[in-house]
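Asker: Pasting a predicted model and its sequence here:
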Amino acid sequence: FSTMPPLCRSTLCDSNVGKTCLTFRFCGGTFPDKTEATIGVDFREKTVEIEGERIKVQVWDTAGQERFRKSMVEHYYRNVHAVVFVYDVTKMTSFTNLKTWIEECNGHAVPPLVPRVLVGNKCDLKDLIQVPSSMALKFADAHNMLLFETSAKDPKESQNVDAIFMCLACRLKPRRLEPTHDANGKNSCPSSSGCCFARLGPARRRAGSAHARRRAQAQ
Ligand SMILES: Nc1nc2c(ncn2[C@@H]2O[C@H](COP(=O)(O)OP(=O)(O)OP(=O)(O)O)[C@@H](O)[C@H]2O)c(=O)[nH]1
């Protein structure tokens, strides 16, 4: 068991996009029947195994509603190892608001080299989709993020949800944590080659994988 402190990542963005449900799906393997608006920050944990090493992943589920974010103190931003930005594929405003969330993150001194990924949730609602994958990919590219399209609700999509956190756990695996942010601030993480995706099964290869491969080829 890893004695390192848990890898912490934060899920950020508008209310109702499914941040809480995604963390339930990843940490507990279930979709909650009912959720309440998150107040402040909720913590969930899961231990994953990567290359024979057990790593504790701690997910910080942050409130989307402004009135419940008052307790989101600087501390949380300063201590994240990775950030997961979530939008609802059936709600264009949640996608256009991403810019504000990225600015908020930057404004709280989250170092640009802390890995960030973009997650389009509620893909099970196929007839209601407002944000096309192509648009999301363009945005993800422009902000140097990988894109995952998921559904916390559909159990068939659960591998895609796992892929988000497994990819980040792989990038942040303790022995890789230091080189990711070397003394010169350069990103020397070996997984920038897209190795996380190479190890994940085909079911997880949505928009994110094609995107990752293109990025890997470009590097
Ligand atoms: N169809 C569908 N509904 C989802 C999915 N994920 C979440 N929901 C629903 O979306 C609503 C909001 O989900 P939450 O996980 O509470 O959203 P949140 O982003 O954590 O909201 P805040 O805590 O207010 O920031 C709930 O009614 C969920 O049942 C999904 O993948 N598909």
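Answerer: Perfect, I can see it now. Numbers count the residues shown, from 1 in each chain.

Asker: In contact with residue 37, which residues?
Answerer: Counting by Cβ atoms under 8 Å, 6 or more residues apart in numbering, residue 37 touches 15, 63-65, 68. Every C-beta, even on glycine, is put in place using the N, C-alpha and C of the backbone.

Asker: Can you tell me how far it is from residue 136?
Answerer: Counting by Cβ to Cβ, to the nearest Å, the gap between residue 37 and residue 136 amounts to 25 Å.

Asker: before we move on, the earlier item: looking at the contacts of residue 37, spot the one nearest the ligand.
Answerer: Of all the contacts of residue 37, residue 64 has the smallest distance to the ligand: 2.7 Å, by Cβ to the nearest ligand atom.

Asker: correct me, but that closest one touches residue 18?
Answerer: No - the pair residue 64 / residue 18 is not scored as a contact, 9.9 Å apart, by Cβ atoms under 8 Å.

Asker: Settle it for me: which of the two has more neighbours?
Answerer: Remark: of residue 64 and residue 18, residue 18 carries more neighbours, 28 against 23, as counted by other Cβ atoms under 10 Å.

Asker: Isn't that one up against residue 123?
Answerer: No - the criterion here is Cβ under 8 Å, and residue 18 misses it with residue 123 at 10.3 Å.

Asker: How are the strands of this protein distributed by residue range?
Answerer: In the chain, strands defined by DSSP state E lie at 7-12, 41-50, 53-62, 82-88, 116-121, 146-149, listed in chain order.

Asker: ok, and what's touching the second one?
Answerer: This means strand 41-50. Residues outside strand 41-50 that contact it (Cβ under 8 Å, 6+ apart): 1, 6, 10, 20, 23-24, 26-28, 54-63, 71-72, 76, 165-166, 169-170, 173.

Asker: Got a ChimeraX select line for the buried ones in those residues?
Answerer: Here the buried members of the contacts of strand 41-50 are turned into a ChimeraX selection, burial being counted by 16 or more other Cβ atoms under 10 Å:
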select :6,10,20,23,24,26,27,55,56,57,58,59,60,61,62,63,72,76,165,166,169,170,173
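
Asker: Buried ones in stretch 121-136, by neighbour count?
Answerer: Using 16+ other Cβ under 10 Å as the burial criterion, the residues of stretch 121-136 that qualify are 121-125, 129, 131, 133, 136.

Asker: Show me what from the protein comes close to the ligand.
Answerer: Taking Cβ under 6 Å from any ligand atom as the criterion, the chain approaches the ligand at residues 15-21, 35, 37-38, 63-65, 121-122, 124-125, 151-153.

Asker: Just the ones in helices from those residues, please.
Answerer: When the residues of the chain next to the ligand are checked against helices using DSSP state H, the ones located there are 19-21.

Asker: Enumerate every residue touching residue 106.
Answerer: Under the criterion of Cβ under 8 Å, 6+ apart, the contact partners of residue 106 comprise residue 112.

Asker: Show me where the chain dips below the pLDDT cut-off.
Answerer: For the chain, applying pLDDT under 70 flags the ranges 1-13, 66-75, 174-219.

Asker: Could you report the neighbour count for the closest residue to residue 147 other than its chain neighbours?
Answerer: If you skip the residues right next to it in sequence, residue 147 has residue 140 as its closest partner in space, 4.0 Å away by Cβ to Cβ, 6 or more residues apart in numbering. Other residues near residue 140 come to 25 when the count uses other Cβ under 10 Å.
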